[in-house]
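1. Any chance you could fold what I've pasted below:
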Amino acid sequence: MPDVLASSMLLFAAAFAAGVLNAIAGGGSFLTLPALIFTGVPPIMANATSALAVSPGYLGSTLGFKPELRALPPRRLKREMAIAALGGVAGALLLLVTPAQVFTGIVPWLLLFATALFAAGPYIAQRAARMAPGDAQLARWREPGLLLTCIYGGYFNGGLGILLMALYSATGERHIHRANALKNLNSLVLSWLSVAAFVLAGAIAWRPGVLMMLAATAGGFYGARWSKRLPVQWVRWGVIATGLVMSAVFFARQGHGH
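-> You can find the predicted model right below:
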């Protein structure tokens, strides 16, 4: 295991970069989760701590869409927040009851799934946007779909934003900024409640967790500024490459472990 200073530097750098990525294109958990596991944090605890590390970023994202949220019916917002809360807690509990060995076995697959989702994000959004606007049949699936997506988000955060945006587009939300506002609000609710469940269960590694929260928040601040200068396509390809490399590393580690 690396010494404490080297571990701290790696965790700080990974969380700062994750904050930058999340502010520009998403995909920060491709860095935070592997960094925690590489520094010796057990996988389930690493996943819970990674969720803690990136959770403050959702608040800034949500506050940025206050006008859009104010324009939506309060009843709808309350219902969706309640669903997000339920899903986030259910996903967190599902993670906590997953045997450590099983979770270790599915980490590479989760990383690969999230990377594929991220890579296909623009295509998914285009397909979803082409669906019949205002289709009552599709709109009926919004809340059940939201619950399932939020359970996934509470269990494993990778690719959550893409799933939520696709869900809103596919179920008739025609305004991109309104869909984005709802995505951020529901991500905030499910993220904070799943983290609360992890805290109560004692599943957080606090020393790396607090360090990474600070680093990710700083990264988010600078990422918001840099996003105007960095070509998003470069960032997207960087995230996809990172996700593929991390997936390959974890598959290789599993191969050596057997």
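2. any idea which residue sits dead centre in the chain?
-> Centroid check for the chain by C-alpha atoms, centre = their mean gives Asn157 as the closest residue, at 3.4 Å.
3. residues contacting that one?
-> 29, 50-51, 54, 191 (C-beta atoms under 8 Å, 6 or more residues apart in numbering). From N, CA and C alone the C-beta is placed, and that goes for glycine too.
4. ok, now which ones touch the closest residue to Leu110 other than its chain neighbours?
-> Nearest residue to Leu110, sequence neighbours excluded (C-beta to C-beta, 6 or more residues apart in numbering): Phe156, at 4.9 Å. Shown in contact with Phe156 (C-beta under 8 Å, 6+ apart): 29, 47, 91, 95, 110, 114.
5. mind checking the backbone torsions on Phe156?
-> Torsion angles at Phe156 (phi, psi; degrees, to the nearest 10) stand at phi -150, psi 120.
6. same question, Pro99
-> phi -60, psi 140.
7. Can you give me the neighbour number for it?
-> 9 (other C-beta atoms under 10 Å).
8. Surely Gly26 is in contact with Ile162?
-> Yes: using C-beta atoms under 8 Å, Gly26 is in contact with Ile162, at 7.1 Å.
9. Could you check the helix or strand where Asn47 lies and say which residues are buried?
-> If you go by DSSP states H and E, Asn47 is part of helix 43-63. For helix 43-63, the neighbour count (16 or more other C-beta atoms under 10 Å) marks 43-58, 60-62 as buried.
10. quick one: low-confidence parts of this protein?
-> 1-2, 131-138, 257-258 (pLDDT under 70).
11. still on that earlier bit, which strands and helices sit next to the helix holding Asn47?
-> Helices and strands touching helix 43-63, by 3 or more C-beta pairs under 8 Å, 6 or more residues apart in numbering; DSSP states H and E, are helix 4-24, helix 29-38, helix 74-97, helix 100-129, helix 176-200, helix 206-226.
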